[in-house]
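Asker: Have a look at this prediction, sequence included:
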Amino acid sequence: MNLWRDIKGTFQPFWVTLRYLFKRPVTISYPEQKRTPPPRYRARMILTRDPEGEERCVACHLCSAACPVDCISMQAAEREDGRRQAAWFRINFARCIYCGLCAEACPTMAIQMSPEYELGNRDPLKLVWEKEDLLVDHGGKDPNYHFYRHSGIGVAAPRGGNDDELPPVNIKTNLP
Amino acid sequence: MNDLLLTGLLILIKLGMVLAVLLSMAAYLVLAERKILGRMQRRYGPNRVGFGGMLQPLADLIKLLTKEDFIPAQADKWLFMLAPGLAAVTALLAFAVVPFAPPLEIFGRQLPMVVCDLNVGILYFFGLSSLAVYGVALGGWASNSKYALLGALRAMGQMLSYELAMGLSIVPVILMARSFSLTEIVQAQASLPFALCNPVAFGIFFISALAESKRTPFDLPEAENELVAGYHTEYSGMRFGLFFVGEYLNLVVLGAIITSLFLGGWHGPLLPPIVWFLGKVLAVAFVFIWIRGTLPRLRYDQLMAFGWKILVPLALVNLLVTGGVLLWLGGAS
C-alpha cells in the first residue's frame, strides 16, 4: 500500500508539470506591459500645494527628523508676508527606503507618497531631487486641505479669523 | 593519393559537422531547459536576447568569456586549470562511437555515419564516462574549498555506484545484440527497439544515466542549498563554462547512447534516419528536463540505498533472466 502511494507520488507530479507547460505564463513583461499601482502605493514623494496654489510645506523639519535614513534635507526661510517656506528642499532617492514615515510626520500634508515608481537611473546623482522637481501642481490625496485656514499666525486670514478658530484672548483684561 | 586525400577530406567534414552540431545542441539545450522550466513554472524564461531569446547562449558565452578567471590562492593550480577541460572533453569524446545514421554512399565510397566505429564501442563509452568522474573529483579537490571537496566526494560516490547498475543494465543489451559495437546494436534493433524487449534494463539504464549526468533527482554533487554550487563552487568565467557545457554535452551524449542502446537508434518509418535520431535524442533530453522540473532532490542516503539495494540487485536479476530466456530461445531454434 505504501509502495503504491510512493509510486503514485512519483509519477503524478509529471502530469502536473506537463499541464502547466501549456498554461499561460503569469509574468507581466515589465518594460512593455506596466501595471498601474494602487493610488496609495508608496513610491516617490511629492510636495503638494494647497487649494490656493501656494506651497504647503512650512519647512518644519519634521519629515527629515522622522526619516530613518536621513535622506531629506532642507533650509527654512520666511517670505515677506510671514509665510514659512523651504529655501531649498532636497530628497536623495538613492538613500530613500520609501517607508512613508515622512508623509506620516508631515503636519501640513505637504509631503506625500505618489505611485510613480520608475526612478531607475544609471547616475546616482540624478536621484537627488530638488524642490523644483518634487513640487506638483495639485493637492495630492486631500486637495481641499488648507493648513492656514485652520491655524497659523495670521498669514492667510487674520488671527482668529478662521471658521473653527476663536478670536485671540485679550491678555490685558482679567475678565473671561 | 588523390583517393586518400578525398577520404581524409570527407572524414574532416564529417568531424566538423558532428562537432558543430553537438556543441550548438548543448548550447541550445541550456536555452531549451531554461525556457521549458520557465513555462512549467508559468513564466517565460529568457526571451530578451535576439528573437524570443534565441541568442541567449551567445550572450552567455560572451559573458563567461569576459569574466575574470579567478584561481583561489591555495588551489592546486594545474589540476584546477585541467579539471574543467577533462569534464568537457570526455563528454565530447564519448559521442565518437554513436552511429547517427546508416552509412552514406558518397563519391562511390561508403562513409559510415559514425565518427569511429569501434568494435568495443560500449566499453569505450563506459571508460570515458568513468573518466568524467575525474574532472569533477579533481576540480573539487584542487579548489581547496570545503564545499567543492564535499561536492566532489558526493559526485564520486554517486557516479561510481551508479556506474555499476548502468553497466549491469547494458549487459542484457549486449547479450541480445551479440556485439559490443554500437553500430551493430542499432542494426539489431531494426525490427523492435530493446526498450520494448527489455523495459527493466531500459528503466535501470535511464535512472543510472540521470545519476551519471548529475541531474535533478540526483543532483547532490551540486546541491545549491547545501554546497553553494558543489564541485564548481570556486570556478568562474569560461572554466565554469566548460563544466557547464560538459554537463549539457553529457546530456546530449547520454541521450544519444540511450537512443542507440534502447530506442532503436536511427531506425524509424517514413522520415529520414538522421531526423529520427535527432528526434529521439531531443525527446530523451526533454524527458530529462521534464524530470528536473518535476522531481525534488533525494537525500544522500536515499540515493545510495536506491542505487545499491534496488538498482544493482534488480539489474543482476534482469541479467540472469535475460540470459536464461536467450539461452532457452537459442536452444529451441
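Answerer: Nice, thanks for sending it over.

Asker: and stretch B:224-238, which residues are buried?
Answerer: Within stretch B:224-238, the residues that count as buried by 16 or more other C-beta atoms under 10 Å in any protein chain shown are B:227-235, B:237-238. (C-beta placed from N, C-alpha, C; glycine too.)

Asker: mind checking the end-to-end distance for that stretch?
Answerer: The straight-line separation of the ends of stretch B:224-238 (C-alpha to C-alpha, to the nearest Å) is 20 Å.

Asker: What lies in contact with it?
Answerer: B:64-65, B:67-70, B:72, B:75, B:80, B:84, B:136-137, B:139-140, B:143-145, B:147-148, B:150-152, B:154-155, B:220-223, B:240, B:243 (C-beta atoms under 8 Å, 6 or more residues apart in numbering or on different chains).

Asker: Equivalent analysis for stretch A:55-64, please.
Answerer: Under the criterion C-beta under 8 Å, 6+ apart, residues A:47-50, A:70, A:72-77, A:83-87, A:89, A:102-103, A:105-111, A:135, A:139, A:147 lie in contact with stretch A:55-64.

Asker: Give me the buried subset of those residues.
Answerer: By 16+ other C-beta under 10 Å, the contacts of stretch A:55-64 give A:47-50, A:72, A:74, A:83-86, A:89, A:102-103, A:105-106, A:108-111, A:135, A:139, A:147 as buried.

Asker: Just the ones of those residues in strands?
Answerer: Among these, DSSP state E puts A:47, A:72, A:74, A:84-86, A:89, A:111 in strands.

Asker: circling back: would you list the buried entries among the contacts of stretch B:224-238?
Answerer: B:64, B:72, B:75, B:80, B:84, B:136-137, B:139-140, B:143, B:145, B:147-148, B:150-152, B:154-155, B:220-223, B:240, B:243.

Asker: Mark which of the residues you listed are part of helices, please.
Answerer: Among those, DSSP state H puts B:64, B:80, B:84, B:136-137, B:139-140, B:147-148, B:150-152, B:154-155, B:240, B:243 in helices.

Asker: nearest to chain A, of those residues?
Answerer: Closest approach to chain A among those (C-beta to the nearest C-beta): B:Arg154, at 22.2 Å.

Asker: Make sure I have this right: A:Ala77 is in a strand.
Answerer: Yes. Under DSSP: H, G, I helix; E, B strand; the rest coil, A:Ala77 falls within a strand.

Asker: could you list every residue that touches the residue lying closest to it once chain neighbours are set aside?
Answerer: Leaving out its chain neighbours, the residue that sits closest to A:Ala77 by C-beta to C-beta, 6 or more residues apart in numbering or on different chains is A:Ala87, at 3.9 Å. A:Ala87 makes contacts with A:59, A:74-77, as judged by C-beta under 8 Å, 6+ apart.

Asker: Arrange those in TSV, one row each, with pLDDT as further columns.
Answerer: Output for these, formatted as TSV (pLDDT from 0 to 100):
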residue	pLDDT
A:Ala59	89
A:Met74	91
A:Gln75	92
A:Ala76	90
A:Ala77	90
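
Asker: For residue 62, give me the pLDDT.
Answerer: Defaulting to chain A. Predicted confidence (pLDDT) for A:Leu62: 92.

Asker: Correction: the question concerned chain B.
Answerer: B:Ile62 carries a pLDDT value of 90.

Asker: That one in helix, strand or coil?
Answerer: Secondary structure for B:Ile62, judged by three-state DSSP, is helix.

Asker: Kindly report the same for A:Pro37.
Answerer: Per three-state DSSP, the secondary structure class of A:Pro37 is coil.

Asker: so where do the helices sit in chain B?
Answerer: Per DSSP H, chain B carries helices over the ranges B:2-40, B:56-66, B:77-94, B:121-142, B:146-177, B:182-188, B:194-197, B:199-212, B:224-227, B:237-262, B:273-294, B:300-305, B:312-332.

Asker: For chain A, what lies in contact range of chain B?
Answerer: Taking C-beta under 8 Å from any C-beta of the partner chain as the criterion, chain A approaches chain B at residues A:10, A:13-14, A:16-18, A:20-27, A:29.

Asker: Now list the buried members of the residues you listed.
Answerer: Using 16+ other C-beta under 10 Å as the burial test, these include A:17, A:21 as buried.

Asker: Point out the ones among the residues of chain A next to chain B that are inside helices.
Answerer: Under the assignment DSSP H, the residues of chain A next to chain B contribute A:10, A:13-14, A:16-18, A:20-21 to helices.

Asker: my read: B:Pro72 touches B:Ser143, true?
Answerer: Yes. Look at B:Pro72 against B:Ser143 with C-beta atoms under 8 Å: they come within range, at 6.2 Å.

Asker: joint contacts of these two?
Answerer: Counting by C-beta under 8 Å, 6+ apart, the residues touching both B:Pro72 and B:Ser143 are B:80, B:234.

Asker: B:Leu86 - how many residues pack around it?
Answerer: A total of 22 residues lie near B:Leu86 under the criterion other C-beta atoms under 10 Å in any protein chain shown.

Asker: and the closest residue to it other than its chain neighbours, how many residues sit next to it?
Answerer: With sequence-adjacent residues excluded and distances taken as C-beta to C-beta, 6+ apart, B:Leu86 is closest to B:Gly135, at 3.7 Å. Residues near B:Gly135, counting by other C-beta under 10 Å, number 26.

Asker: Ok, B:Leu93 next?
Answerer: The local packing of B:Leu93 (other C-beta under 10 Å) involves 19 other residues.

Asker: And it, how close does it get to chain A?
Answerer: Look at B:Leu93 and chain A: by C-beta to the nearest C-beta, to the nearest Å, they are 33 Å apart.

Asker: Before we move on, what's the pLDDT of that residue?
Answerer: So, for B:Leu93, pLDDT stands at 86.
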